[in-house]
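Participant: I'll drop the sequence and a predicted model, then ask my questions.
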Amino acid sequence: MRPPRPEMSNAVPPPSLRVAAPPPLVRYMGALWLLGSVVGVAALVFAYLDRDAHLARLRETAAGIDAGADAARLDQVAAIAFWGTLALFAVVLVAEALLARPLVRGRGGVRWVLLVMLALNVGAVLLVVAFLGEDSAGFQPTAHLAGVQLALAALAFLLCLLPPAARWFRDARPPQ
């Protein structure tokens, strides 16, 4: 014969796992990451819209390096430099935008992944400036917007290191 089963009771409800809202500094940091991504996308759009001028300039640069190359080879080199630069910059932007949300939700370890992404971002922006920037002193939408995007990302990363944000990331919270 089986022993009688104890009765379950709902007299005491389970504890509420309340998640604290992020402090304003963390919300500003997340907004800066996303604003930087939007500015970076604007740089990509300007680069795409002005692709003929960029490709012509890259062809001239390639012809200056190898004067004996045929036109097809110069077109290929210019296309690889242009589209490769845009692809790398786009991948960095997408990764940073995707990582901003878990960061604002309290995943403090994401800060260090974003530090690596920030280093890759520096390399991508250097490529954008080198391949898609001009020697003129005027406004260059692609290069300047890429620089603004990098500055916003760097500022956002610095904000996540300030004491209120670091304290909030360090506090124990349930998984989200």
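Facilitator: Here it is on my side, so go on. Numbering: from 1, shown residues only.
Participant: For the host helix or strand of residue 92, what is the distance to the chain centroid?
Facilitator: Residue 92 belongs to helix 71-104 when elements are defined using DSSP states H and E. Per CA atoms, centre = their mean, to the nearest Å, the displacement of helix 71-104 from the mean C-alpha position of its chain is 11 Å.
Participant: In space, not sequence, find me the middle residue of the chain.
Facilitator: Closest to where the C-alpha atoms of the chain average out (CA atoms, centre = their mean) is residue 96, at 2.7 Å.
Participant: which ones are touching that residue?
Facilitator: When contacts are counted by CB atoms under 8 Å, 6 or more residues apart in numbering, residue 96 touches 33, 36, 37, 114, 117, 118, 121, 153. All C-beta atoms are positioned from the backbone trio N, CA, C, and that covers glycine.
Participant: Make JSON lines out of these and add pLDDT and secondary structure.
Facilitator: Formatted as JSON lines, the contacts of residue 96 follow (pLDDT from 0 to 100; DSSP: H, G, I helix; E, B strand; the rest coil):
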{"residue": "33", "pLDDT": "91", "secondary structure": "helix"}
{"residue": "36", "pLDDT": "95", "secondary structure": "helix"}
{"residue": "37", "pLDDT": "94", "secondary structure": "helix"}
{"residue": "114", "pLDDT": "91", "secondary structure": "helix"}
{"residue": "117", "pLDDT": "94", "secondary structure": "helix"}
{"residue": "118", "pLDDT": "95", "secondary structure": "helix"}
{"residue": "121", "pLDDT": "97", "secondary structure": "helix"}
{"residue": "153", "pLDDT": "95", "secondary structure": "helix"}
